[in-house]
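Participant: based on what follows, work out the 3D shape:
(chains A, B and C)
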Amino acid sequence: MPVSSVNSQIIYDALKDAGVSIISALPETWLVHLVGMADADPEVTLVRLNKEEEGVGISAGAHLAGRKSAMLMQNHGLLTSVNGIVSLAQLYRIPLLMLVSYRGEMGERDPWQTEGGLVTERVLDALGIMYRKMSDPALAARDIRQAQTLAESSLRPVALLLTRELMWEE
Amino acid sequence: MLREDALRAIYPRLKEQIVVTIMGAVAVELYNLGHRPNFFYLEHGMGLASSMGLGLALSLPERPVTVLDGDASLLMNLGTLSTMARYRPPNLTHIIFDNESLLSVGGFPSATTTGTDLAGVARESGIRHVTRADTVEAVEEAYAAAAERPALSVIHSKVEAVGPPSFAMDIGLLENRFEFARHLRGGQP
Amino acid sequence: MLQEDALRAIYPRLKKQIVVTSLGTVAIELYNLGHRPNFFYLEHGMGLASSMGLGLALSLPERPVTILEGDASLLMNLGTLSTMARYGPPNLTHIIFDNESLLSPGGFPSATSDGTDLAGVARESGIRHVTKADTVEAVEEAYAAAAERPALSVIHSKVEAVGPDFHVMGIGLLEVRFGFARHLQGGQP
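Facilitator: Predicted structure coming up:
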């Protein structure tokens, strides 16, 4: 599977450097290596979800308890989490570090991913969520550090969109 | 059984726990018994109180955590029982007050009136310690047993569909949130 | 048991039903057995194949409807079993193919590998006719019984976590959608 293991490792190391110790995930093709790394890491609690919105609750609990968390999901998982984001995370000013695989953008082959690609950024804009597209592995550590910093200082959700350029090799 | 009476019976133990409640009657009734900085009232985010309790229990493995949930909230996020069963934090107790209705929005019957047994669903989701407790004494006993037991526990209690006369609480959402976080992280700024 | 073999065994009956599948292997394997205008493959919208089947069954009470769903999809919307139980359309059969994993994104174990019993959850959600069928013969028999029975039926089948090498179907999403709607609404434009 041509998901970049090198870039996944860079992202994972950056999450660790940012102090993340709880990761929630619903597996998605582009996230296979990241989920595997979290699963194999005794320093990290991986919570495999049945539905992405559960992850908002996990991260809220972790934050109030003083631990840093991250959420791994596909952009369709972001869409299914919108109520939890608005009526838990934003209402209670909970920081969320959301790493979102950006399916349905340029180069997408799966027809079923394309509508999600069309609306992802506009939904983030409508929700008032600051986001950045990550495409350069050389900047990945900086992007994650900065996103984590902003999430913690603003007490708001922040999204990093993991693009095809970063996650896929072919 | 009135939920208020069940809450009153377990309040002495709740005082010692990290508590997350759902919105509506449960939150107000617990608040009216006496607010504590270790109580968090999730006033929206329906379905996510249990996920939040799971996050708390995994983050603070040395501290006991109790979730006070309702049937309609739980039905909105039923897979949460399966996720809890999977990670089964030994310090987590999940109490489901089942009044078979969406009381705060006008008393519509929930799916627990039409055949859904939430204790059964919890058990089939993989949770080993599931207790039915439909009297005040049974709730008190089941909660005492859960507090002693180093294992994930679920208590399912049928309660009457009545709530408090007023839903007013003299604490802001964000005040509650910051005070709770401060308390969990251990004291003074 | 291979999901593909189970599908082949019930294909003669499926041909006469309105069929909604979840995404991934179940869609492609049914398609490979021979597409029909009464088959709808829900290629995303995870968790909603069963809700869609319920909508179809309630809208077309004279027509038999079958849902073919995977464990991970169902776990995303577990309350659907409770809603189905509540309305219990007699013309609906829900087949759950449980490979205990999220196969298409790389084979991660799902919560059914870790204690959650979906047949048990279906039963505790209030569905009366729930059959476990883990061999091809058992699936064939259970599906024949469900087709004869004027009652909501669930069949839960453990299958191996293997799928086809290619997830390519020679029919577009919208082509399926319009062909299906045209067929249900009775024929020619």
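Participant: can you pull out the helices in chain B?
Facilitator: Applying DSSP state H to chain B gives helices spanning B:3-14, B:25-33, B:49-59, B:71-75, B:79-87, B:118-124, B:136-148, B:173-184.
Participant: turn those helices into a markdown table, columns for mean neighbour count and distance to chain A.
Facilitator: Heads up, the C-betas are built off the backbone N, CA and C, glycines and all. What follows is the helices of chain B, written out as a markdown table (neighbours: other Cβ atoms under 10 Å in any protein chain shown; distance: least, Cβ to the nearest Cβ, whole Å):
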| stretch | mean neighbour count | distance to chain A |
| --- | --- | --- |
| helix B:3-14 | 20 | 17 |
| helix B:25-33 | 21 | 14 |
| helix B:49-59 | 29 | 2 |
| helix B:71-75 | 25 | 11 |
| helix B:79-87 | 25 | 3 |
| helix B:118-124 | 24 | 13 |
| helix B:136-148 | 17 | 19 |
| helix B:173-184 | 17 | 4 |
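Participant: how about the ones you listed in CSV, adding distance to chain C and mean pLDDT?
Facilitator: Below are these laid out as CSV (distance: least, Cβ to the nearest Cβ, whole Å; pLDDT from 0 to 100):
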stretch, distance to chain C, mean pLDDT
helix B:3-14, 21, 98
helix B:25-33, 20, 96
helix B:49-59, 13, 98
helix B:71-75, 5, 96
helix B:79-87, 4, 97
helix B:118-124, 3, 98
helix B:136-148, 19, 97
helix B:173-184, 26, 96
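Participant: with distance to residue A:164 added, can I get these in CSV?
Facilitator: Rendered in CSV, the data for those read as follows (distance: least, Cβ to Cβ, whole Å):
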stretch, distance to residue A:164
helix B:3-14, 50
helix B:25-33, 44
helix B:49-59, 30
helix B:71-75, 38
helix B:79-87, 30
helix B:118-124, 40
helix B:136-148, 48
helix B:173-184, 38
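Participant: wait, which of those is closest to residue C:111?
Facilitator: With Cβ to Cβ as the measure, helix B:79-87 is the member of those nearest residue C:111 (4.3 Å).
Participant: export that closest one to PDB, keeping only CA atoms.
Facilitator: What follows is helix B:79-87, C-alpha atoms only, in PDB (Å, rounded to 0.1, in the frame of the first residue of the first chain):
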ATOM      1  CA  GLY B  79     -21.300   2.300  20.100                       C
ATOM      2  CA  THR B  80     -19.800   4.000  23.100                       C
ATOM      3  CA  LEU B  81     -20.600   0.900  25.100                       C
ATOM      4  CA  SER B  82     -18.600  -1.200  22.700                       C
ATOM      5  CA  THR B  83     -15.600   1.200  22.900                       C
ATOM      6  CA  MET B  84     -15.800   1.300  26.700                       C
ATOM      7  CA  ALA B  85     -15.900  -2.500  26.700                       C
ATOM      8  CA  ARG B  86     -12.800  -2.600  24.500                       C
ATOM      9  CA  TYR B  87     -10.600  -0.500  26.800                       C
END
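Participant: from the chain's centre, how far out does it sit?
Facilitator: 15 Å (Cα atoms, centre = their mean, to the nearest Å).
Participant: the strand or helix carrying residue A:100 close to chain C?
Facilitator: If you go by DSSP states H and E, residue A:100 is part of strand A:96-101. No. Judged by Cβ under 8 Å from any Cβ of the partner chain, strand A:96-101 and chain C are separated, with a smallest distance of 10.0 Å.
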